[in-house]
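Asks: just a sequence and a predicted model for now, questions to come.
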Amino acid sequence: MRVLIFEPQFMGHNLVHVARLVRGVRGLGCEAVVATSRQAIRSAEFALHLAPLASDFRALPLDGFTTDRHAVRLQTGGLRGATRVYQALKSAIARAAPDHVYVPYGNFLARIAAAPFGLTSALRRAGAEAETLIVGGRYLYPRPGLQHRWRQWLLLEAISRGPWRSVFHLDDAAYGAFQRHGGRMARVGKLLPEPVGEHPLTRRVDARHALGLPGAGRLLAVIGLIERRKGLDALTSALRQAGGALKPTDRLALIGPQHPEVTRLLSTDYADLVAAGRVVCVDRRLTEADMVRAACAADVVAAVYPHHPYASGSLVVAARARRPVLGSSTGWIRRTIDQFQLGRVCDPADAAGVCRAVVESLAGAARYQPSPAAERLVEFVGDRNYIALWTARLRRRMGLGPSPDMRSWDWALGGVRRAAA
């Protein structure tokens with residue numbers, strides 16, 4: 001079978017998800033076609049994540065996309081951006097003539113796919129089925145008021161009327177909204193893990209040496225794409241407030257490619273901490289193995305993201321590396337930390353509370369031991385399960401049984417239930 005993987009965006013986790021799908025599709029003996037923007041093909045992310053798999057897929061370049069003012073991301077949001085993505089997907093289907101289509105970052109596209117602009121007809125002409133993943137989506141999360149409930153109903157109804165055989169989400173709360181909506185949405189709505197590569201773990205000292213980080217002292221690490229929204233203001237403020245409660249060698253490590261705004265902040269708002277060696281940086285793009293290595297280098301991994309109810313890749317990487325997490329006290333991050341005993345939480349808006357949490361997390365890091373529930377979570381979020389769940393429908397279409405690597409969310413929660421018994 002020929003499988004089209006459609007992903008024009010290149011920053012963040014997008015091409016990492018594509019690389020996983022390529023490996024899964026090729027593992028089933030299918031032909032893989034990756035339709036992506038020319039900007040993505042020229043990007044460092046493509047070279048890092050997809051170029052090593054070049055013999056496993058055919059690239060289908062897409063034109064007509066523009067980047068934001070920082071040249072960091074494509075402009076795919078809003079009605080204009082989503083319409084461009086919609087047209088590009090139709091074009092890719094016509095050019096590739098696939099049997100199966102994956103859209104690993106559906107979001108706004110999923111809401112307008114049922115519009116009478118020809119996407120359903122394009123899939124029907126090709127004889128293809130389509131599956132998509134929605135990442136985030138504030139309308140999926142509970143909020144008070146009739147207006148929100150009505151908007152949620154309308155959007156879920158629009159998604160359910162689209163041509164999707166499966167609509168995945170990374171958050172069990174959003175999956176719950178799919179199920180409560182009922183009807184076709186409950187049938188096609190499915191849960192995927194926020195995935196992490198199953199890479200070997202590295203000793204802390206070796207991981208720091210490989211990344212060029214100081215060997216001495218304790219590290220609180222922010223890993224992945226380094227953006228201000230990841231709680232950098234709260235964490236740097238905590239370093240200043242902690243005073244003698246932290247050792248002079250306790251540091252905040254920013255490990256990953258920096259957004260231009262962060263680069264500016266390091267020479268302005270955070271300059272005193274950089275000069276004192278309290279903030280250290282590894283400003284480069286990370287492979288998945290590097291992500292795990294970055295967590296291994298840390299004593300505590302920070303995911304203190306304000307206004308972020310969604311899943312966090314940093315958290316599951318920390319779980320994989322057997323490191324405690326300091327996370328925000330809302331949404332998926334809080335729920336996952338609490339359920340699987342992964343660390344502690346704090347309110348990003350409470351400066352004193354963040355400071356206490358930083359001090360106490362670093363002080364207790366050496367005593368942290370993953371719970372049996374955490375070990376089961378690591379298996380659930382692993383590469384093999386992610387691929388098994390994504391390709392379950394494709395396997396059925398090929399006449400294959402379920403993958404022996406498949407683990408359900410109920411299976412993952414079994415460890416939580418046993419711990420509570």
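Replies: It's in. Numbering: from 1, shown residues only.

Asks: Asn376 is in contact with Gly414, isn't it?
Replies: No, residue 376 isn't Asn; it's Arg. Yes. If you go by Cβ atoms under 8 Å, Arg376 and Gly414 touch, sitting 6.9 Å apart. The way it works is simple: take the backbone N, C-alpha and C, and place the C-beta from them, glycine included.

Asks: so those two - more neighbours on which side?
Replies: The neighbour count for Arg376 versus Gly414, taken as other Cβ atoms under 10 Å, is higher for Arg376 (21 against 14).

Asks: which helix or strand contains the more buried one?
Replies: Assigned by DSSP states H and E, Arg376 belongs to helix 372-380.

Asks: tell me the mean pLDDT for that helix?
Replies: With pLDDT averaged residue by residue, helix 372-380 scores 94.

Asks: and the next helix or strand past that helix?
Replies: helix 383-390.

Asks: using PDB, write out every CA atom in the helix or strand just after that next one.
Replies: Once the chain leaves helix 383-390, the next helix or strand it forms, by DSSP H and E, is helix 392-397. What follows is helix 392-397 as a C-alpha-only set of coordinates in PDB (Å, rounded to 0.1, in the frame of the first residue of the first chain):
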ATOM      1  CA  ALA A 392      -3.700  -0.200  13.900                       C
ATOM      2  CA  ARG A 393      -6.200   0.700  11.200                       C
ATOM      3  CA  LEU A 394      -3.600   0.400   8.400                       C
ATOM      4  CA  ARG A 395      -2.700  -3.100   9.800                       C
ATOM      5  CA  ARG A 396      -6.400  -4.100   9.600                       C
ATOM      6  CA  ARG A 397      -6.700  -2.900   6.100                       C
END
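
Asks: show me what helix 392-397 is packed against.
Replies: The contact analysis (3 or more Cβ pairs under 8 Å, 6 or more residues apart in numbering; DSSP states H and E) places helix 392-397 against strand 129-134.

Asks: check the offset of the helix or strand just after the strand it packs on from the chain's centre.
Replies: Per DSSP H and E, the first helix or strand lying C-terminal to strand 129-134 is helix 146-160. The chain centre lies 24 Å from the centre of helix 146-160; the measure is Cα atoms, centre = their mean, to the nearest Å.

Asks: against the centre of the protein, work out the most remote residue.
Replies: Farthest-out residue of the chain from its mean C-alpha position, per Cα atoms, centre = their mean: Gly244, at 35.8 Å.

Asks: that older thread, for the helix holding Arg376, buried residues please.
Replies: Neighbour-count burial for helix 372-380 flags Ala373, Ala374, Arg376, Leu377, Val378, Glu379, Phe380 (criterion: 16 or more other Cβ atoms under 10 Å).

Asks: repeat for stretch 283-295
Replies: Leu286, Glu288, Asp290, Met291, Val292, Arg293, Ala294, Ala295.

Asks: what about those residues, which are in helices?
Replies: Among the buried residues of stretch 283-295, the ones falling in helices (DSSP state H) are Glu288, Asp290, Met291, Val292, Arg293, Ala294, Ala295.

Asks: grab the nearest non-local neighbour of the third one.
Replies: Taking Cβ to Cβ, 6 or more residues apart in numbering as the measure, Met291 lies nearest to Val317, with 5.1 Å between them; neighbours along the chain are not counted.

Asks: can you name the element that comes right after the helix or strand hosting that neighbour?
Replies: Here Val317, judged by DSSP H and E, is contained in helix 313-321. Scanning forward in sequence from helix 313-321 by DSSP H and E, the next helix or strand is strand 325-328.

Asks: hang on, the residue farthest from the centre of the chain is in a helix, isn't it?
Replies: Yes. Counting by DSSP: H, G, I helix; E, B strand; the rest coil, Gly244 is part of a helix.

Asks: could you check the pLDDT of it?
Replies: So Gly244 comes in at 90 (pLDDT).

Asks: for the longest helix along the chain, which positions count as buried?
Replies: Counting by DSSP H, the longest helix found in the chain is helix 78-96. The neighbour-count criterion (16+ other Cβ under 10 Å) identifies Gly81, Ala82, Arg84, Val85, Tyr86, Ala88, Leu89, Lys90, Ser91, Ala92, Ile93, Ala96 as the buried residues of helix 78-96.

Asks: I'd say the last one and Ala32 touch.
Replies: Just to be clear, that refers to Ala96. No. Ala96 sits out of contact with Ala32 when judged by Cβ under 8 Å, with a separation of 10.2 Å.

Asks: sorry, back to before: residues making contact with the helix holding Arg376?
Replies: By Cβ atoms under 8 Å, 6 or more residues apart in numbering, the list of residues contacting helix 372-380 from outside reads 193, 196, 316, 319-320, 336, 339-342, 370, 385, 407, 409, 411-412, 414-416, 418-419.

Asks: alright, I will stop here.
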